[in-house]
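A.B. asks: Have a look; sequence and predicted model below, questions after that.
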Amino acid sequence: MLPSADALFVNRELSLLKFNERVLAMAENDAVPLLERLRYLCIVSSNLDEFFEIRVSSLKEQMLQNPGAVGDDGYTPEQAFQKAQEATQKLVAKQNKLLVNDVLPRLMEEGIGLLLPRYWNDDLRAWAYETFLREILPLLTPIGLDPAHPFPRVYNKSLNFIIEMAGTDAFGRAGSIAIVQAPRALPRLMKVPADIGGVPNGYVLLTALISEFVNDLFPGMQVKGVYQWRVTRNSDLFVDEEEVTNLRQALQGELSQRNFGAAVRLEIDLSTPAHLADFLQREFHLGEVDTYRVLGPVNLSRLSRLCDTPDRPDLLFPEYRAPIPAPFDSLMEQPARLFAAIAKSDQLLHHPYESFQPVLSFLRAAAADPNVVAIKQTIYRTGEDSELMSILLMAARAGKEVTVVVELMARFDEQTNINWAARLEEVGAHVSYGVVGHKTHAKMALILRREHGEIRRYGHVGTGNYHPRTARLYEDFGLITADRGICDDMDQVFAQLTGLGALRHLKLLLQSPFTLHDTMIARIRTEQMNAEAGKKARIMAKMNSLLEPQVIRALYEASRAGVKISLIVRGICALRAGVPGLSENIQVRSIVGRFLEHSRVFYFYNDGEENVYLSSADWMDRNFFRRVELGIPVLNRRLKRRVIVESFSYAMRDNQLAWRALPDGSYVKVQGRGKPVNLHKLMMQRLGSAT
């Protein structure tokens, strides 16, 4: 994978593709329930969409701007692009074969799946034709390409068809090529009545309906072939933040153009003739290397609807009901007692093993409590139908001072956040968009409550978003505290985000872009010096991605000094683990399973003091230097021990979900030795109950 033995870093794009290979391995695993296997296939498809929209588009830009530059991974942009395309082609081919040859046939055996036209009986064909005439045909606009009908403007990732025809129409025009765009309003899967389809949960693809009855669009013409395709476009937004006076208005204008950026990938039906593929490639200025021939739907992620098939829990992971831990389980509706319990002791939440409801209860109590005078909140991702946002709206209507820092540039959630910002402003909340040029990625909520003639602060800080739905799927920590040092620091950060002023000194919290990076480097150096002095030295860190060069180099130096380093990196990891003379004391693991490992936790032994931080930041350039992030020390000894055990001890014992990174950047599955240890099952048993 690496171009040379002395390259210091693993290529970013190839490492991300390796992560998707690990996700695909879940779909290959027969021990995983069948509908969950399909879900993992859809996740890979969705991940690859974003990979092309953001990463491949970036590589193409680098190839234009600085083609000869060689990175620390040893590749020029052109070489990285070629390697990424080769790896993606192999991944997609494997994904398609797994879907068509294994997962879909097994689902059909269970009475769930796609009813392909070649297997339609007369009743099903009649139903399909009637559905086409009633629900689909009126919405279709066929475009026969000629000088009066140029190639249409194609929406990013939309479903389209290219049709080859012969014959002459009523105006004497010779048929050649036509384009049909599938309206976004049409569902990509149509449920077939069980008595007609012959199976309890049978579906027909929109693709199949259009392909089978396309002749109705071109009466009197000979349709020689119809082939599905879609194009993926550069979806990275650009807003000149130095020039705009209103970020929300500028972003709104940019969003309308996102779906028409430069093309970066063409997906076509496997049976598409070469001359039609060439035609589409020329139209979008793409080559063969950018073209993916698909066995099955061109947008596989649309099949995720099958994963919601009712009445088949046997084909899903067993239901897990996250418990509400004490003291929240008994004080949900008693604000005064709830705040008293928090004042007495910090409360740690570990999602999804523990419910997200305590966070909502904390804010709901603040909204209802007459002694609470103000609520301050950051929002990065929260969803379109957010109970949390409804609580903030309620608090503002009740006359409380509600301040919300909404990050408008949260990728692919921009429109949702714009909508929430507008609704908050309508009810009198103070809404700001953070700091121009720095995304506000910190996750924090602060409550100001009047107690005994003074203001007492209560805070929630976490590693994940305020998004109740993803909190059931993403593994994250949250800390609810009344610690004066932490809460005072939070208030200082809010003041920075909403106002102006010099750098504010924080007592306990680490903050990007000011102190987080320097502190991480200093902590690593301390472990290095302790190892060189013959003392015990240990670093453990858990994150989504590890890319920042200075941190990686510091870890290499610490490893050479003898520091034992354990890294749990779910996704991209540019560090090369286990290289003799460079990183032989570093091991890297990736955990891929039922839940998405999402928390960021950093541990430094520090001569027995054991410093533990929860953070919103990965170890990436953007998180350290171009975002507002927080690192939160865990001060309570009991909670610190919990974080260490639940983040590292169990993960390092896992022999079912864990993958080990090799020096060349590839991964091997950790082999089960002795008693099977599945991190996710172990945590469910420890903190909750699976049914």
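C.D. replies: Ah, there it is. Numbers count the residues shown, from 1 in each chain.

A.B. asks: any chance you could map the helices in the stretch 301-450 of the chain?
C.D. replies: 328-331, 335-344, 357-368, 387-397, 414-426 (DSSP state H, counting those that start in this stretch).

A.B. asks: Figure out which of the ones you listed is closest to residue 14.
C.D. replies: helix 414-426 (28.7 Å; C-beta to C-beta). For every residue, glycine as well, the C-beta is placed using N, CA and C.

A.B. asks: Now do the closest one against helix 387-397, angle only.
C.D. replies: 20 degrees (axes from the mean of the first three to the mean of the last three C-alpha atoms, to 10 degrees).

A.B. asks: Now do the buried residues in helix 414-426.
C.D. replies: The neighbour-count check on helix 414-426 (16 or more other C-beta atoms under 10 Å) flags 414, 416, 417, 418, 420, 421, 423, 424 as buried.

A.B. asks: Point out the other helices and strands that it packs with.
C.D. replies: helix 247-258, helix 387-397, strand 401-406, strand 430-432 (3 or more C-beta pairs under 8 Å, 6 or more residues apart in numbering; DSSP states H and E).

A.B. asks: What sits closest to residue 573 if chain neighbours are left out?
C.D. replies: residue 546 (4.8 Å; C-beta to C-beta, 6 or more residues apart in numbering).

A.B. asks: most packed of the helices of the stretch 301-450 of the chain?
C.D. replies: helix 357-368 (a mean of 22; mean count of other C-beta atoms under 10 Å).

A.B. asks: tell me the average confidence for that one?
C.D. replies: For helix 357-368, mean pLDDT is 93.

A.B. asks: and what of stretch 500-515?
C.D. replies: Per-residue scores along stretch 500-515 average to 90.

A.B. asks: okay, how far is it across that stretch, tip to tip?
C.D. replies: When the termini of stretch 500-515 are compared using C-alpha to C-alpha, to the nearest Å, they are 18 Å apart.

A.B. asks: and what of stretch 270-288?
C.D. replies: Stretch 270-288: ends 13 Å apart by C-alpha to C-alpha.

A.B. asks: pLDDT of that stretch, averaged?
C.D. replies: Rounded mean pLDDT across stretch 270-288 is 96.

A.B. asks: Now do the buried residues in the longest strand along the chain.
C.D. replies: Ordering each strand of the chain by length in residues (DSSP state E) puts strand 222-233 first. Using 16+ other C-beta under 10 Å as the test for burial, strand 222-233 gives 223, 226, 227, 228, 229, 230, 231, 232, 233.

A.B. asks: distance of the residue nearest to residue 573 from residue 624?
C.D. replies: Distance, residue 546 to residue 624, using C-beta to C-beta, to the nearest Å: 12 Å.

A.B. asks: Of the helices of the stretch 301-450 of the chain, which is nearest residue 143?
C.D. replies: Per C-beta to C-beta, nearest to residue 143 of these: helix 414-426, 28.3 Å.

A.B. asks: Output the closest one as CSV, restricted to C-alpha atoms.
C.D. replies: Presented in CSV, the C-alpha positions along helix 414-426 are these (Å, rounded to 0.1, in the frame of the first residue of the first chain):
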residue,chain,number,x,y,z
GLU,A,414,-26.3,23.2,6.7
GLN,A,415,-30.0,23.6,5.6
THR,A,416,-31.3,22.0,8.8
ASN,A,417,-29.2,24.3,10.9
ILE,A,418,-30.3,27.3,8.9
ASN,A,419,-33.9,26.4,9.5
TRP,A,420,-33.4,26.0,13.3
ALA,A,421,-31.5,29.3,13.5
ALA,A,422,-34.4,31.1,11.9
ARG,A,423,-36.9,29.4,14.3
LEU,A,424,-34.9,30.3,17.3
GLU,A,425,-34.6,33.9,16.3
GLU,A,426,-38.4,34.1,15.8
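
A.B. asks: what angle do that helix and strand 401-406 make?
C.D. replies: Per the same axes, to 10 degrees, the angle that helix 414-426 makes with strand 401-406 is 160 degrees.

A.B. asks: Low-confidence bits of the stretch 101-250 of the chain, can you list those?
C.D. replies: Across the stretch 101-250 of the chain, the ranges flagged by pLDDT under 70 are 147-148, 170-173, 175, 237-250.

A.B. asks: Tell me where it has strands.
C.D. replies: In the stretch 101-250 of the chain, the strands defined using DSSP state E, counting those that start in this stretch lie at 112-114, 143-144, 160-166, 177-181, 189-192, 201-205, 222-233.
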